[in-house]
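**Student:** Sequence and predicted structure are below.
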Amino acid sequence: MASKQLGFHGKFLRYRRWDDEDHGIHHGLSFGTEQGVGIGALSFEIGAARSERNHWLVTLQAALKFALPVYIPLTKKTTPPPET
């Protein structure tokens with residue numbers, strides 16, 4: 001039985017790439033978590049990246065997000081043809 005979704009939570013791991021004018025391109029990883037209720041969500045992320053010149057970049061991010069929910073049906077409902 002399906003029920004209405006009131007909130008969500010999740011964890012993620014992502015590849016990050018930054019282009020810096022002084023130290024060149026940085027490649028790295030970050031991980032975080034996101035929790036949401038209704039149209040709002042709060043996320044936290046921490047990561048590190050290293051450039052070819054051995055310069056390290058550490059990032060810490062907290063974000064408050066707002067988005068309208070979008071309904072995407074997972075099944076195709078068929079309606080019977082009209083009777084003549």
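**Tutor:** Yep, it's here.
**Student:** Give me the packing partners of the helix or strand bottoming out on mean pLDDT in the chain, helices and strands only.
**Tutor:** For the chain, using mean pLDDT, DSSP states H and E, the weakest element among its helices and strands is strand 7-20, scoring a mean of 89. Packed against strand 7-20, as judged by 3 or more CB pairs under 8 Å, 6 or more residues apart in numbering; DSSP states H and E, are the following elements: strand 24-37, strand 40-51, strand 56-66. Bear in mind the C-beta positions are built from the backbone N, C-alpha and C, glycine included.
**Student:** Given it, what are its sheet partners and their directions?
**Tutor:** The pairing partners recorded for strand 7-20 under DSSP bridges are strand 24-37 (antiparallel).
**Student:** in the strand it pairs with, what's buried?
**Tutor:** Buried positions in strand 24-37, judged by neighbour count with 16 or more other CB atoms under 10 Å: His26, Gly28, Ser30, Gly32, Glu34, Gly36.
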